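In: This is a predicted model, with the sequence first.
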Protein chains: 2
Amino acid sequence: MADAASTQARTGTAVIGDSEFDRDTAVTRRDPAVPGVYDIDLSAGWTIINAVNGGYLLAVLGRALADTLPHADPFTISAHYLTASAPGPAVIRTDVVRTGRTLSTGQASLFQFAEDGTEVERIRVLASYGDLDALPDDVRTSAKPPAIPPIEQCFGAADAPADGPRIPGSSAITDRLDVKLDPATLGWALGAPSGKGEMRAWFGLADGRDADPFSLLLTVDALPPTAFEMGLKGWVPTVELTVHVRSRPAPGPLRVSITTRNLAGGFLEEDAEIWDSQDRLVAQSRQLARARLS
Amino acid sequence: MADAASTQARTGTAVIGDSEFDRDTAVTRRDPAVPGVYDIDLSAGWTIINAVNGGYLLAVLGRALADTLPHADPFTISAHYLTASAPGPAVIRTDVVRTGRTLSTGQASLFQFAEDGTEVERIRVLASYGDLDALPDDVRTSAKPPAIPPIEQCFGAADAPADGPRIPGSSAITDRLDVKLDPATLGWALGAPSGKGEMRAWFGLADGRDADPFSLLLTVDALPPTAFEMGLKGWVPTVELTVHVRSRPAPGPLRVSITTRNLAGGFLEEDAEIWDSQDRLVAQSRQLARARLS
């Protein structure tokens, strides 16, 4: 199994349903016959600066809700991040809020365990699910894909100068992702942040798995923070994140564009757009994050 | 009391704490000594096309959470709208999710009553609250206020031509609001929608009450839908709405700018920005709504 996974990763041949992302976001019903309680060992493979990535956590919760609800695809999902998660055991508890013909709504909480074994809530989520394949084809999107150079002219972690700024701590997630940053938004990595709240990149999963609605939940939170380009130091923890999944993404690389326009009062928003290879705006998100000003 | 309210309305002298909005969003603890269960009679005064306005409902839930949580101001609040509310009795049940030093998180549900008296959930909300007055003053907002003509060159409902399109059904909310639309976004009212997903207006409450964090929750959902300018007929029901309140608004009129860029698959998003009289971006919201294409 491990060898097959290594081969997948090395050759970029993972597929939806059989990939690092699928294995690391899989949740297990505690009682196989009953939805509503799920166990998972949160992977250490999706950490950034020692913190478990918020988009990875959202995808995990999204999986649990997909098992609980009669509809399979997240349409709109909001998460409040309460306490920091760590790699290791977690339990997810879900509730059905309402089931409808085209939309169902559910709630989910992820807990980890204090030293005495009591459950400590990490994240609470409200989400409405539907069937993306049942949506009509009518597309009148006026938004345009981001202006980002071709992927060959964009840069990933492996291209960073050996003597450049290093992100401290464990950033295992960078091995799971194939992120190629727009040169216009990587000044921070060279000690020269642009001052603008922008981050753009081509995005894929390192083992070659195509995108799907659950990986989109990861993707909206998987780029470096716009705060880096704005010259802010330190981390920018997410308080709340809402994602709209608007279409099943086509195979192939995604383009992600993140914008911050309102850094004020110790908080900032990050608006992310994800565009697929067919120039479809497949997901939009906004998060509110704390921004430490010095 | 009624006479005092009429006088307020006629002379525009209502204040925060004593106004139509305050009276109609006030919730009452069912047990005065215990937070967590609140009664209200939802007002018929905030309906649009016979439906109780979603922003008014969000403000009602916001009030209940403010009573439940140790922090007073909504910072980020997400609502999933499950079934249509009607004027009349409702109960709100809240739970504390987590209390912290600077932020607390809560959950709230609003129920109404079926003929047999059982509770039917209308809306469920997750929200994090804080203290807006404790935020540092550092403002590095790069966004700019909307380009909207001076208020004297904008138009309210009273200015509409007598033979123009009429919004059918009860729209009592228009009597509660002082909305002056940008001429560039009122083509729909003259039978000539622009085709662009934009709506902009100056906004105030008709009785003169200044804005506060709770009225901002109303305001993000109180303009005509962008769908009207896009030439869509019929209503555009909100599925989910997330609001970030970023600053206590200054006294005086607000400017509201709403944009839709992704009308596709029978859904659209409405992004709203609210700017106060000090050119501060006091609130940002995004809602996902169903868009009936014909």
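Out: That came through, no problem. Numbering: from 1, shown residues only, chains lettered A, B, ... in the order given.
In: hey, let's count contacts and neighbours off CA atoms from now on
Out: Fine.
In: Where do the strands of the stretch 1-150 of chain A begin and end?
Out: A:28-31, A:34-42, A:47-48, A:51-52, A:73-81, A:88-99, A:104-113, A:119-130, A:139-141 (DSSP state E, counting those that start in this stretch).
In: Please name whichever of those is nearest to chain B.
Out: Across those, chain B has its closest neighbour in strand A:139-141 (4.2 Å, C-alpha to the nearest C-alpha).
In: what comes into contact with that closest one?
Out: A:Leu281, B:Arg261, B:Asn262, B:Leu263, B:Ala264, B:Gly265 (C-alpha atoms under 8 Å, 6 or more residues apart in numbering or on different chains).
In: so the third one sits right up against A:Ala143, yeah?
Out: Yes: counting by C-alpha atoms under 8 Å, B:Asn262 sits close enough to A:Ala143 to count as a contact (6.5 Å).
In: Mutual contacts of the two, please.
Out: Common neighbours of B:Asn262 and A:Ala143, using C-alpha under 8 Å, 6+ apart, are A:Leu281.
In: Which one of these two is surrounded by more residues?
Out: B:Asn262 (23 against 13; other C-alpha atoms under 10 Å in any protein chain shown).
In: List the contacts of the more buried one.
Out: Going by C-alpha under 8 Å, 6+ apart, the list of residues near B:Asn262 reads A:Val139, A:Arg140, A:Thr141, A:Ser142, A:Ala143, A:Leu281, B:Leu268, B:Glu269.
In: Which residues does it form beta bridges with?
Out: When assigned by DSSP bridges, B:Asn262 has beta-bridge partners A:Thr141.
In: For it, give me the pLDDT.
Out: B:Asn262 is assigned a pLDDT of 97 by the prediction.
In: cool, A:Ala157 as well?
Out: Residue-level pLDDT assigned to A:Ala157 equals 79.
In: Contact distance from chain B - what residues of chain A qualify?
Out: Chain A comes close to chain B at residues A:76, A:78, A:80, A:82, A:98, A:105, A:125-128, A:135-143, A:240, A:242, A:244, A:246-247, A:261-266, A:281, A:288, as judged by C-alpha under 8 Å from any C-alpha of the partner chain.
In: re earlier: out of the contacts of B:Asn262, who's nearest B:Tyr38?
Out: Nearest to B:Tyr38 among these: B:Glu269, at 31.2 Å, using C-alpha to C-alpha.
In: elements contacting the regular element (helix or strand) spanning the closest one?
Out: Secondary structure from DSSP states H and E places B:Glu269 in strand B:267-275. Contact here means 3 or more C-alpha pairs under 8 Å, 6 or more residues apart in numbering or on different chains; DSSP states H and E; on that basis strand B:267-275 packs against strand B:254-259, strand B:262-264, strand B:281-290.
In: can you rerun that using 7 Å?
Out: Using 3 or more C-alpha pairs under 7 Å, 6 or more residues apart in numbering or on different chains; DSSP states H and E as the contact test, the elements touching strand B:267-275 are strand B:254-259, strand B:281-290.
In: residues contacting A:Pro251?
Out: Residues touching A:Pro251, when contacts are defined by C-alpha atoms under 7 Å, 6 or more residues apart in numbering or on different chains, comprise A:Asp210, A:Ala211, A:Ser277.
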